[in-house]
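> Sequence plus predicted model, see below.
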Amino acid sequence: MYTITEEILTTPSGDMVINVGPQHPATHGVLHLLITLNGETIKKVEPHLGYIHRSIEKMCESLSYRQFIYSTSRMDYLSAHINNHGCALAVEKGLQVEIPPRAEVIRVLMDELTRVASHILAWGALAMDLGAFTPFFHAFREREMINDIMEETCGARLTMNYMVPGGVMMDIHPNFQRRVKELLKQFSEKIDEYDELVTYNTIFINRTKNVGYLSKEDAISFGVSGPSARASGVSCDIRKIYPYSIYDKLKFDEILYTEGDSYARYMVRVQEVKQSLSIIEQLIDNIPEGDFQAKTKAVLKLPKGEFYSRVETARGELGVYIVSEGGMTPYRIKFRSPGYSNLSALDHMTRGSKIGDLIASMGTLDLVIPDIDR
Amino acid sequence: MNREELQAYLGGLGSSLTFEEGGEWINLFVDPGQFRELMEKLRNDEQLAFDYMFCLTCVDWKTHLTMVYHLSSTRYRYNIVVKAKLDRAKPEIQTICDIWRTAEFHEREVYEMFGVNFIGHPDLRLLILPDGWEGKNPMRKDFEDPVNMIKL
């Protein structure tokens, strides 16, 4: 965090220093960027974090293995299910429990619905950042349907807390399959509209093509993951390279672009929505019967050791690192959040470009600030 | 290389290396004095090419601190964990942020949360904590804040 004072306006060499945020609509949260400008050219971007740091890692040290999962919905709130999934996987590695097939399918369905909701929100928000207001409402129309599905089954629209060690908390709602099919139908009718509105829009292309270039080597070195890295040609989809749950049995493609610019990052997300919808289509009629939760003890204790799980959230690779001393609470927990590493590349990506392009670069990194601050 | 071959290969990279058994990936303990040399080898060795650091953190064991580095090779898909024990009273280790640039942010987080001094880091300042928190390390086990911390 950084204390804003009024006198810092120029550096000794005559460059202007301006603050973007902590309250700025384009940062989608309380991110503070201190930007050094020479005219309109960016010389340096310095992020300052911590405005919503809740110290979730420290809190988790005094929460039990059932409880701590709930705090992770509040990290990357647009990928709440996937965060929960990652934590549940890490605990299950320690417990060595077998997950019922029904629970696995429900988990993957929820993960992919979350990914769709997150990507279309990123799509709408990016368009809004670049001056097009309408796409945001189109995105919310479909996102609302997904939120309604979540609400029916999980009881919450944003922080679902649906996945527990051993499976999912409760069975899916009787309406679940019907409403997901309605959603798929709605998407098949509207998905071309998305492309018409934004993808082939000349203004949008001009504002994102060749903007915020990130090379493959730099993306790997900066630890960038998720769609932002795949746009630079880094094959990093955890669902493909280290498959978890039932992802190794599903048919879907890893979307790779090599351009590495903002437009490629945008395109990866649009294509991934289609892949996620195809995963949902494969599974929605094939939910096996059976238990939705494995039998676990009332009080969970993990053996002494270290457990690390990696999952692919909508923003990239989430790592959950649990150090256990054999007790009821984790000794240490570390969340390797994708946004934190992705943000670190922002300075490198935008140096030398114009300040107007900063928003396109930042918007296509798809930063979620609670994920960065944790 | 399979796990045994990889472990044997890694063992040949330095004299003070020890392995911790168990765990999903190979756990490699290194003396802080030889740490920097080992990390450069891991990154530049053509047989290993650990180019992706996916996690960097620290664990407070009350008697000492342990730095934990999770490395991955995008070419061969190897994963290893490198650990270094640090003196808790004066924790110091060489920076690696010129080898993996993601480490720059992660080291700043560990610096403020655990008080580890990264020698050679270009910009070791508070990143998350507000001004005036220098020297207080909230993620250490003995940190107490009677005002802002609620015991659960």
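Right, received. Where do you want to start? Numbers count the residues shown, from 1 in each chain, chains lettered A, B, ... in the order given.
> Setting the sequence-adjacent residues aside, check what's closest to the residue in the stretch 101-250 of chain A that chain B sits nearest to.
Nearest residue of the stretch 101-250 of chain A to chain B: residue A:223, at 3.2 Å (Cβ to the nearest Cβ). Just so you know, the C-beta spots here come from the backbone N, C-alpha and C atoms, and that holds for glycine as well. Sequence neighbours aside, residue B:102 is the residue nearest to residue A:223 in space, at 3.2 Å (criterion: Cβ to Cβ, 6 or more residues apart in numbering or on different chains).
> To what extent is the one you found buried, counted in neighbours?
When neighbours are counted by other Cβ atoms under 10 Å in any protein chain shown, residue B:102 registers 25.
> end to end, how far does stretch A:333-348 reach?
Distance between the two ends of stretch A:333-348: 30 Å, counting by Cα to Cα, to the nearest Å.
> Now do the strands in the chain.
I'll assume chain A. Assigned by DSSP state E, the strands in chain A fall at A:16-20, A:32-38, A:41-48, A:163-164, A:167-168, A:305-312, A:317-324, A:332-336.
> actually chain B
For chain B, the strands defined by DSSP E occupy B:18-20, B:26-30, B:52-60, B:64-72, B:79-87, B:92-94, B:117-119.
> what's the offset of the fourth one from the middle of its chain?
The gap between the average C-alpha position of strand B:64-72 and the chain average comes to 3 Å, counting by Cα atoms, centre = their mean, to the nearest Å.
> swap in stretch A:31-45?
In terms of Cα atoms, centre = their mean, the centre of stretch A:31-45 is set 26 Å apart from its chain centre.
> per-residue confidence averaged over that stretch?
The average pLDDT within stretch A:31-45 is 87.
> For the stretch 251-374 of chain A, what lies in contact range of chain B?
Within the stretch 251-374 of chain A, the positions adjacent to chain B are A:305-308, A:310, A:317, A:319, A:321, A:323, A:331-332, A:334, A:336, A:340-341, A:343-345, A:348, A:373 by Cβ under 8 Å from any Cβ of the partner chain.
> Try it again at 10 Å.
Those residues of the stretch 251-374 of chain A that sit near chain B, judged by Cβ under 10 Å from any Cβ of the partner chain, are A:303-310, A:316-317, A:319-321, A:323, A:325, A:329, A:331-336, A:338, A:340-345, A:347-348, A:372-374.
> Can you flag the buried ones in these?
By neighbour count, with 16 or more other Cβ atoms under 10 Å in any protein chain shown, those hold A:305-310, A:316-317, A:319-321, A:323, A:329, A:331-336, A:338, A:340-345, A:347-348, A:372-374 as buried.
> if we can go back for a sec, quick one: closest of the strands of chain B to residue A:210.
strand B:52-60 (25.8 Å; Cβ to Cβ).
> Just the helices from chain B, written as ranges.
B:3-11, B:32-44, B:103-114 (DSSP state H).
> okay, the ones you listed, which one's buried deepest?
helix B:103-114 (a mean of 23; mean count of other Cβ atoms under 10 Å in any protein chain shown).
> can you pull the contacts of residue 115?
In the absence of a named chain, chain A is used. A:78-79, A:81-82, A:227, A:239, A:269, A:272-273, A:275-277, A:279-280, A:312-315 (Cβ atoms under 10 Å, 6 or more residues apart in numbering or on different chains).
> Switch to chain B, please.
Here residue B:115 is in contact with B:58, B:60, B:65, B:88-91, B:134-140 (Cβ under 10 Å, 6+ apart).
> which parts of the stretch 1-150 of chain A sit against chain B?
A:1-3, A:46-51, A:53, A:55, A:57-64, A:67, A:93.
> re earlier: list the contacts for the residue of the stretch 101-250 of chain A closest to chain B?
Taking Cβ under 10 Å, 6+ apart, we find residue A:223 in contact with A:229, A:236, A:316-317, A:336, A:338, A:340-342, A:344-345, B:52-56, B:72, B:100-103, B:105-106.
> try it again with 6 Å
A:341, B:53, B:102 (Cβ atoms under 6 Å, 6 or more residues apart in numbering or on different chains).
> would you turn those into TSV with distance to residue A:121?
TSV is the format used below for those (distance: Cβ to Cβ, whole Å):
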residue	distance to residue A:121
A:341	21
B:53	29
B:102	26
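> Including distance to residue A:296, could the strands of chain A go into a markdown table?
Below are these laid out as a markdown table (distance: least, Cβ to Cβ, whole Å):
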| stretch | distance to residue A:296 |
| --- | --- |
| strand A:16-20 | 47 |
| strand A:32-38 | 42 |
| strand A:41-48 | 40 |
| strand A:163-164 | 8 |
| strand A:167-168 | 9 |
| strand A:305-312 | 15 |
| strand A:317-324 | 16 |
| strand A:332-336 | 19 |
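> Would you mind telling me which of those is nearest residue A:357?
That would be strand A:41-48 among those, by Cβ to Cβ, at 8.2 Å.
> Confirm for me that residue A:90 is in contact with residue A:306.
No. Using Cβ atoms under 6 Å, residue A:90 is not in contact with residue A:306, being 9.7 Å away.
> quick one: low-confidence ranges for chain B?
Low-confidence segments of chain B, defined by pLDDT under 70: B:150-152.
> Next to chain A, which bits of it? Give me the list.
Applying Cβ under 6 Å from any Cβ of the partner chain, one finds that chain B approaches chain A through B:23, B:51-53, B:55, B:57, B:59, B:74, B:100-102, B:105, B:127-128, B:130-131, B:139, B:152.
> how close does the nearest residue to residue B:24 once chain neighbours are set aside sit to residue A:355?
Residue nearest to residue B:24 in three dimensions, not counting chain neighbours: residue A:308, with 6.2 Å by Cβ to Cβ, 6+ apart. To residue A:355, residue A:308 is 40 Å away according to Cβ to Cβ, to the nearest Å.
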